[in-house]
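Novice: Just the structure for this:
(one chain, ligands or ions: 1)
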Amino acid sequence: MALIKDILQTMEYGPSPESNEHVIAWLGQHEGGFGHFIDGKFTDPSAGASFEVTSPANGAKLARVARGTADDVDRAVTAATRAFKSWSKLAGHERARHLYALARHIQKRERFLAVLESMDNGKPIRESRDIDIPLVARHFYHHAGWAELIESELPGYQPVGVCGQVIPWNFPLLMLAWKIAPALAAGNTVVLKPAEQTPLTALAFAEICREAGLPDGVVNIVTGEGETGAALVGHPGVAKVAFTGSTEVGRIIRRTTAGSGKKLSLELGGKSPFIVFEDADLDSAVEGLVDAIWFNQGEVCCAGSRLLVQEGIAEKCYAKLRARMATLRVGDPLDKSTDIGAVVSTEQLERIGALVAKGRQEGAEVFQPSIPMPAKGCFFPPTLMTGVEPASTVATVEIFGPVLVAMTFRTPDEAVALANNTRFGLAASIWSENINRSLDLAARVKAGVVWINATNLFDAAAGFGGYRESGFGREGGLEGLYEYLVPGHGKPAKSAKTGKPQLNAAPSPTAIAASAEPIDRTAKLYIGGKQARPDSGYSYAVTNPSGKTVGLAGLGNRKDIRNAVEAAAKAGSWGAATGHNRAQILYYIAENLSARAAEFEARLRAMTGASAKDAAEEVATTIRRAFFYAGFADKYDGAVHATKSRHVTLAMNEPFGIMGIVCPDETPLLGFVSLLMPALAVGNRVVAVPSARYPLAATDFYQLLDTSDVPAGVVSIVTGETASLAKTLAEHDEVAALWDFGSTTDAATIEAASAGNLKPVWIGGSRDWTSSDGQGREFLRRATQVKNIWVPYGE
Ligand code: NDP
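Specialist: Numbering: from 1, shown residues only. Have a look, this model is predicted:
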């Protein structure tokens, strides 16, 4: 038997196929074929012509799908137009909930979608499972946040209308997510046409829309070929066209839509340079190349398909690359140890083959490792072409396959000239240990995305798109969101009560039959993720406005605050978590609060004497507030300041670390959450002192923290006399910032006590937490400190 140490040397390991049983069963249920998904229903597949979808890995028939006609497109646009009326009027918060539900449903079906994608497209399961589908979910989560925030962040902006979206076959579900998530977040409705080769995950997504309760007509999927796409793009009811695909078709679409007033974004091809300098970490660069050109069989618009390597290390780099290529595994996409799967179709296979033959004719030296290749199916070996002339076909045309062409350069200027010697401008990857040089090149290369010592990095929070013939418009982040909005002339509605800009309209409070009976229970403190008895051993009675005792709360003291700060100090990883991870946890809190709304309403009524309506409104607003800051967790961006030339001055928002927060008496649940959430969203840990008068909503809250995956120590809750607890927080050297909104605040005492470590103190005063005054950037700004990082570049 082979020893493990030998296996680690040879890297010989057996096949590890992923089961496709669930997908086969699902395809079996649709044996009769798929119709279009229009107005929340699948149309009858036998209504018109259809075509077969096959697996590129083995030619097996997967399904029959409908070939969309102009009439089908018209019905879909009509449904989307009808749905637009109500969807665009829906409060941002309601749309956020829909997008969030889509994200959750996608996550629940991640493995199914990954297997289906690999079967339909041919990409390795490792990539669909670890990259495509998680990013799909991430896009819906991220844009759930934007749906929530558009009203406050982009006041006056309005949705465009019905969006016609046409996507390619290389990342079928991911391209769908890149298009649908921002469109829906902004209040648009969509008709999407997937590529004829890979329509199946879009159809599974249609089922998810139904399952998740998305209103009918908001998303419509019409399958078909180029003609169907053309009918969609040309439909007069479409107000915005978003296209990803070849530059040729992009050009046709530009001409078709010219003068129509339709908003247009085009994400087209590329021939992106991968530039390796002599001082680069060569092993990392070679691994980078594997990801740049052999990821997704090289069928990636931003693939690093042109290797530009500095002359002195070229032969060494090629040798390492050839050795690495010999270890790549080409084969069954469903095998977890496959590196390169099948290319999408026989046409694409022939196109790649023809271009490689052309390169050979033009004098390139072609290397393909002698590795086992599947006997049938659309497979192409990893290929390296050296000795390529910059003007040759293979150096200028997008091959869209696992083929790397290599050229050399001598100086940085020559690298820039070669990098920019293309009609495209999608992406660039620069490898050097010299940060000055890397940034200098990043500024000079004409590309929409530049990666330094990295490649093919994507995230929903960052815009993606090209310069020149790679198209225009961005997908992802705020830049991408603008593609789906138009500046409106209206201003946000004002509240009749306060005269202030109104928050998203509240969903009507559910009728709650909760009794307002007192709940007699002693609430403990919450420290380090555990309920803790107060060090004093005392509790105090919490009374309602009629003087009736409704519960007991712990009387915290200095020792309890110290314990809480100590627990917070151990929870430092919260600040290092990604904004996305923090967002997920804040959403989870909101979701759990929503599930227990009745309980919290009853608590508020018993404790404060609020009416059923006011209590329901307070809980509903609290849920929205948690959504608001969950939405912000990955969007409170810093900036790049315009300072000196040849400098990048990055203004980074950093959390303080441990914050003390003393909460107000007014709307005690909402006030507490309105302060806690922004601090958490940007990465702080919090020691919170709830209202002394109404502490029980906050102490109930720790059950939500427990069930929402909030790491221990990130939030501690210490009840008691707010004035003395606030002073202890002000004096504590490890508390880096303090917000005091307590009713007993004595600003002079607190500010003087903070002089020890000179922490910033925010004496908040009273405010209307139910209005837009109770949330916004002011809180995020007060929860962060800006660090300016100056990076000069150039040599
Ligand atoms: P296309 O640009 O033809 O296809 C992209 C999408 O557009 C598909 O859904 C296609 O439908 C649709 N489409 C085709 N013609 C029209 C039209 N006139 N109006 C509206 N929509 C249309 O790419 P191909 O699949 O033909 O691939 C050809 C080459 O394009 C590849 O080899 C590669 O070089 C490049 N490409 C680049 C991509 C990128 O992301 N940059 C992605 C895909 C391809 P259908 O598939 O049904 O024909």
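
Novice: all contacts plus neighbour counts: C-alpha atoms, from now on.
Specialist: Fine.

Novice: The lowest-mean-pLDDT helix or strand in the chain packs against which elements?
Specialist: Within the chain, no helix or strand scores below strand 522-523, which has a mean of 78 by mean pLDDT, DSSP states H and E. Packed against strand 522-523 by the contact rule (3 or more CA pairs under 8 Å, 6 or more residues apart in numbering; DSSP states H and E) you find strand 549-554, helix 696-707.

Novice: Columns mean pLDDT, distance to Val241 and mean neighbour count on top of the ones you listed, output as CSV?
Specialist: Converted to CSV, these look like this (pLDDT from 0 to 100; distance: least, CA to CA, whole Å; neighbours: other CA atoms under 10 Å):
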stretch, mean pLDDT, distance to Val241, mean neighbour count
strand 549-554, 91, 58, 22
helix 696-707, 94, 43, 20
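
Novice: Save these as CSV, and put in distance to the ligand too.
Specialist: Formatted as CSV, these follow (distance: least, CA to the nearest ligand atom, whole Å):
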stretch, distance to the ligand
strand 549-554, 60
helix 696-707, 41
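
Novice: a markdown table for the ones you listed, including distance to Phe656?
Specialist: Shown next, in a markdown table, are the helices and strands packed on strand 522-523 (distance: least, CA to CA, whole Å):
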| stretch | distance to Phe656 |
| --- | --- |
| strand 549-554 | 28 |
| helix 696-707 | 21 |
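
Novice: show me what contacts the closest residue to the ligand within the stretch 151-300 of the chain?
Specialist: For the stretch 151-300 of the chain, the residue closest to the ligand is Glu225, as judged by CA to the nearest ligand atom, at 2.9 Å. By CA atoms under 8 Å, 6 or more residues apart in numbering, the contact set of Glu225 is 67-68, 195-196.

Novice: Phi, psi for it please.
Specialist: phi -110, psi -160 (degrees, to the nearest 10).

Novice: How about Ala427?
Specialist: Torsion angles, degrees, to the nearest 10, at Ala427: phi -150, psi 170.

Novice: List the contacts of the least confident helix or strand of the chain.
Specialist: Strand 522-523 is contacted from outside by 539, 551-554, 696, 699-700, using CA under 8 Å, 6+ apart.

Novice: for stretch 85-104, same thing?
Specialist: 136-141, 143-151, 159, 181, 184-189, 208-209, 212-215, 218, 504-506, 624, 627.

Novice: circling back: got a winner among the contacts of Glu225 for most neighbours?
Specialist: Gly68 (25 neighbours; other CA atoms under 10 Å).

Novice: what residues does the stretch 1-150 of the chain put near the ligand?
Specialist: Residues of the stretch 1-150 of the chain found near the ligand (CA under 6 Å from any ligand atom): none.

Novice: residue ranges of the helices in the stretch 1-150 of the chain, please?
Specialist: 4-10, 21-29, 70-87, 92-108, 110-121, 125-127, 133-153 (DSSP state H, counting those that start in this stretch).

Novice: Now tabulate the ones you listed in TSV and tack on mean pLDDT and distance to Ala567.
Specialist: Output for these, formatted as TSV (pLDDT from 0 to 100; distance: least, CA to CA, whole Å):
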stretch	mean pLDDT	distance to Ala567
helix 4-10	81	42
helix 21-29	98	45
helix 70-87	97	45
helix 92-108	96	31
helix 110-121	98	35
helix 125-127	98	39
helix 133-153	96	30
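
Novice: is it possible to export these to CSV including distance to Asp291 and mean neighbour count?
Specialist: Shown next, in CSV, are the helices of the stretch 1-150 of the chain (distance: least, CA to CA, whole Å; neighbours: other CA atoms under 10 Å):
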stretch, distance to Asp291, mean neighbour count
helix 4-10, 21, 10
helix 21-29, 28, 14
helix 70-87, 38, 21
helix 92-108, 25, 23
helix 110-121, 18, 26
helix 125-127, 11, 24
helix 133-153, 17, 25
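
Novice: Is it possible to get CSV of those that adds distance to Val735?
Specialist: Listed next are those as CSV, based on distance: least, CA to CA, whole Å:
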stretch, distance to Val735
helix 4-10, 49
helix 21-29, 52
helix 70-87, 45
helix 92-108, 34
helix 110-121, 41
helix 125-127, 43
helix 133-153, 30
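
Novice: No further questions, thank you.
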